[in-house]
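1. For reference, the sequence and a predicted model appear below.
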Amino acid sequence: MTSPELAAERLLVRVIDTAPDLDEALRAAVFGLAATGDRYHWVGIYLLEGDTLVLHSQDGKPTPHTRIPIFQGLCGAAARERQTIVVDDVRQDSRYLACSPETRSEIVVPIVDGEGRVLGEPDDCRLVETIAAALAARFAAALG
């Protein structure tokens, strides 16, 4: 990671940490990730409600997948397995829920609290995982 990328990462974590509330922290994460360059044409965060991932915030074209059962798609797999999933070519992965014909690769990082519970996920591994960890800390603070 270059010095400018590290600086952007630190700034984004600081914005998340100082957001007035959890909703603003989630929105800051989405728009901050989207603003990191032309790597991402869609960024979203889904929150787990029961057995369904529900879209909370997004940047990019609207998606028909605003609610994803936990047993479907790459997002569901990341939430179930509590681990990052990186797919280089989504056309070759049967779990992919087609949202955009422009998408060729996807990274899904679950937001997991200190007790191992999946809280949600933001839809470069290190940056997204760092943001997910910062959001997990905000969830912990908000939920007390």
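-> Now that the structure is in, tell me what you want to look at.
2. Please make it C-alpha for all contacts and neighbour counts, starting now.
-> Noted.
3. So Asp38: helix, strand or coil?
-> Classification of Asp38 by DSSP: H, G, I helix; E, B strand; the rest coil places it in coil.
4. And for it, the neighbour number?
-> Neighbour count for Asp38, taken as other Cα atoms under 10 Å: 7.
5. again with the one 10 residues further on
-> Leu48 is surrounded by 24 other residues when neighbours are defined as other Cα under 10 Å.
6. tell me which strands and helices the lengthiest helix in the chain is in contact with?
-> The longest helix of the chain (DSSP state H) is helix 125-143. The helices and strands touching helix 125-143, judged by 3 or more Cα pairs under 8 Å, 6 or more residues apart in numbering; DSSP states H and E, are helix 3-18, helix 22-34, strand 111-112, strand 118-122.
7. possible to save the ones you listed as a markdown table with mean neighbour count and mean pLDDT?
-> Formatted as a markdown table, those follow (neighbours: other Cα atoms under 10 Å; pLDDT from 0 to 100):
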| stretch | mean neighbour count | mean pLDDT |
| --- | --- | --- |
| helix 3-18 | 16 | 84 |
| helix 22-34 | 20 | 91 |
| strand 111-112 | 26 | 88 |
| strand 118-122 | 25 | 79 |
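8. Cheers, nothing more for now.
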